[in-house]
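Engineer: this one's structure only:
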């Protein structure tokens, strides 16, 4: 998956969810995930993948987020909206060029996020629902991708 320079996200059709389902991806960040967008915005969280719920994902959703600050590490975050309020939690880091399995497990009371092989796990207090939609990669906050950003994402 590549986010082209000057955009926030690749084009994709929304994939609807009609049952609470576990979502798994094998993911590897490439060297193109290194970027410098200035001190003010460098810490903004980019979105990796997740689940959005009705009426809109900026009201109720759960995602993995990521950002790059320096070196060979990508910082991984839990990123969610609950009743229209936005939250995030730093979970740990992964090395550029290393593959890991990322898992989101929804339940009626929460969502469990895990990065297998990194000891990263966190429970987000957003209740799951039968009806929602998959959320894909998105670069930014307010900044667009400064160059083509490639992340290898294989759905499991």
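Structural biologist: Done, it's in. Please read all numbers here as calculations on a predicted model, not as lab measurements.

Engineer: next structured bit after the helix-or-strand element of the chain with minimal mean pLDDT?
Structural biologist: Lowest mean confidence among the helices and strands of the chain (mean pLDDT, DSSP states H and E): strand 16-17, at a mean of 78. Tracing the chain C-terminally past strand 16-17 and defining elements by DSSP states H and E, one meets strand 23-29 next.

Engineer: touching the next helix or strand after that next one from outside, list them.
Structural biologist: Going down the chain from strand 23-29, the next helix or strand is strand 46-53, by DSSP H and E. Counting contacts by Cβ atoms under 8 Å, 6 or more residues apart in numbering, the residues outside strand 46-53 that touch it are 17, 23, 25, 27, 57, 59-67, 79-80, 102, 104, 106, 111, 128-129, 131-140, 151, 153. From N, CA and C alone the C-beta is placed, and that goes for glycine too.

Engineer: quick one: low-confidence ranges for this protein?
Structural biologist: 13 (pLDDT under 70).

Engineer: hey, where'd the strands end up in it?
Structural biologist: Here the chain has its strands, by DSSP state E, at 2-3, 16-17, 23-29, 46-53, 60-67, 73-82, 85-95, 99-106, 111-116, 120-124, 132-135, 149-155.
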